[in-house]
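Student: sequence first, predicted model second:
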Amino acid sequence: MLEVAVSVAILSVGLLGIALLVTNMVTMGSTAKYMNMANVLASEKLDNLNKWPSNSWNVQPGGSLTGPSVCAAGDIYCDQVAVSETSGADYETQTQYNDDHTITSVTIVHTSAGCVNTPAVCGVANPPAGASTFTRRWLITLSPTVSPVGGGAGQTITGAKRITVLVNLTTQLTKTPVSFQMSMVRP
């Protein structure tokens with residue numbers, strides 16, 4: 001009887017360890033999924049900012065990598081992206097300068113059916129509750145100092161711009177905060 005009790009205790013400890021391992025794997029998998037989304041959103045924003053000519057108001061030096069979890073009205077250095085796995089649509093609210101230097105904010109939706117336009121045109125409602133919401137902020141600096149790979153003295157690139165994008169998951173869907181930063185230097 002004692003041997004059976006000891007065996008059951010050892011088996012219980014082993015099963016508890018396996019349960020904790022599985023729980024940890026699920027948590028880490030969820031965090032990795034959101035980190036991957038943040039990586040894609042940072043890369044997408046860098047590509048978007050890189051399309052503007054150097055003299056465009058949309059890529060003038062300024063911005064900040066810190067701020068509230070929701071973009072302030074008229075902040076051209078911040079946007080929000082809501083990803084909804086249940087509705088099959090992704091929502092992106094962008095603020096940018098128009099040719100006449102006025103500021104416009106617009107929400108674009110990308111649906112699983114292939115519609116890329118405003119939510120009204122695509123026939124979808126605003127992001128549903130539970131959507132994963134990311135805030136993207138960027139900082140544009142003029143004449144950055146760039147260090148060579150492997151170290152050494154940095155070199156200032158006169159007239160170039162460094163664009164740094166920081167993406168944060170603002171709806172806390174994981175135990176670990178999700179934040180991803182990426183930079184590029186452009187002429």
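Tutor: Received, thanks. Numbering: from 1, shown residues only.
Student: hey, let's count contacts and neighbours off CA atoms from now on
Tutor: OK.
Student: low-confidence bits of the protein, can you list those?
Tutor: Residue ranges of the chain with pLDDT under 70: 27, 172-174.
Student: now do the helices in it.
Tutor: Secondary structure of the chain (DSSP state H): helices at 2-50, 119-122.
Student: what's the last one packed up against?
Tutor: To tie it back to what came earlier, the one meant is helix 119-122. Using 3 or more Cα pairs under 8 Å, 6 or more residues apart in numbering; DSSP states H and E as the contact test, the elements touching helix 119-122 are strand 103-111.
Student: again, only using 10 Å
Tutor: In terms of contacts (3 or more Cα pairs under 10 Å, 6 or more residues apart in numbering; DSSP states H and E), helix 119-122 is packed against strand 89-97, strand 103-111.
Student: His101 and Lys45: what is the separation?
Tutor: Distance of His101 to Lys45, given as Cα to Cα, to the nearest Å: 21 Å.
Student: between the two, tell me which one has more neighbours.
Tutor: Lys45 (20 against 11; other Cα atoms under 10 Å).
Student: I figured that one hits Val165, correct?
Tutor: Yes: between Lys45 and Val165 there is a contact under Cα atoms under 10 Å: 7.4 Å.
Student: okay, now the closest residue to Ser179 other than its chain neighbours: neighbour count?
Tutor: Excluding the flanking residues, the one nearest Ser179 by Cα to Cα, 6 or more residues apart in numbering is Asn168, at 4.4 Å. If you count neighbours by other Cα under 10 Å, Asn168 ends up with 23.
Student: follow-up on the earlier one: just put the helices of the chain in a markdown table and tack on distance to Gly88.
Tutor: Conversion of those to a markdown table gives the following (distance: least, Cα to Cα, whole Å):
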| stretch | distance to Gly88 |
| --- | --- |
| helix 2-50 | 15 |
| helix 119-122 | 12 |
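Student: all set, thanks.
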